[in-house]
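S.K.: give me coordinates for this.
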Amino acid sequence: MSQAKLGDTVRVHYTGKLDDGTEFDSSLSRNEPLEFTIGAGTIIPGFEQAVIGMTPGDSKVETIATENAYGPYMEEMVVVVDRQQMPVELQPEVGQQLKIQQPTGQVIPVIVTDVSEAEVTLDANHPLAGENLTFEIQLVEIV
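M.R.: Modelled structure (predicted):
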């Protein structure tokens, strides 16, 4: 039976948990395995590496360090914006996800983390930045 290698398209079931055991995502709830090509860069590097060498039917538990997941939490990616700079129709709430367009045209997803009458705090870090992630992975098939 062949082993998953760089360039292969694979289908995996997974469950992801934080260090405290909190589940943050699972393909099992969607009943469809995650399909991706190893090396294409569409998923975090540590997850790709964990799948390399597995054969269909194999299962494993892999802990992926922050630097091979979503990277460290960076304070410089948190900005406080004057409420006057926000669209009038927008009523920001903590936890709300917004998209900010940079002067370059790039669109960046942000999460509202604090709201006052004068200011809104926006965080552009990935919600899992700064976290080690543990995945239960089952290789369903190599496509």
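
S.K.: and S29, what pLDDT?
M.R.: The score at S29 is 88. That number is its pLDDT.

S.K.: for T9, see how far away it is.
M.R.: 22 Å (CB to CB, to the nearest Å). C-beta here means a position set from N, CA and C on the backbone, and glycine is covered the same way.

S.K.: so which of these two has more stuff around it?
M.R.: Each of S29 and T9 has its neighbours counted (other CB atoms under 10 Å); T9 has more, 13 against 9.

S.K.: separation between that one and E141?
M.R.: 9 Å.

S.K.: just how off-centre is the helix or strand of the chain with the lowest mean pLDDT within its chain?
M.R.: Least confident helix or strand of the chain, by mean pLDDT, DSSP states H and E, is strand 97-101 with a mean of 90. Remark: strand 97-101 is offset 17 Å from the chain centroid, using CA atoms, centre = their mean, to the nearest Å.
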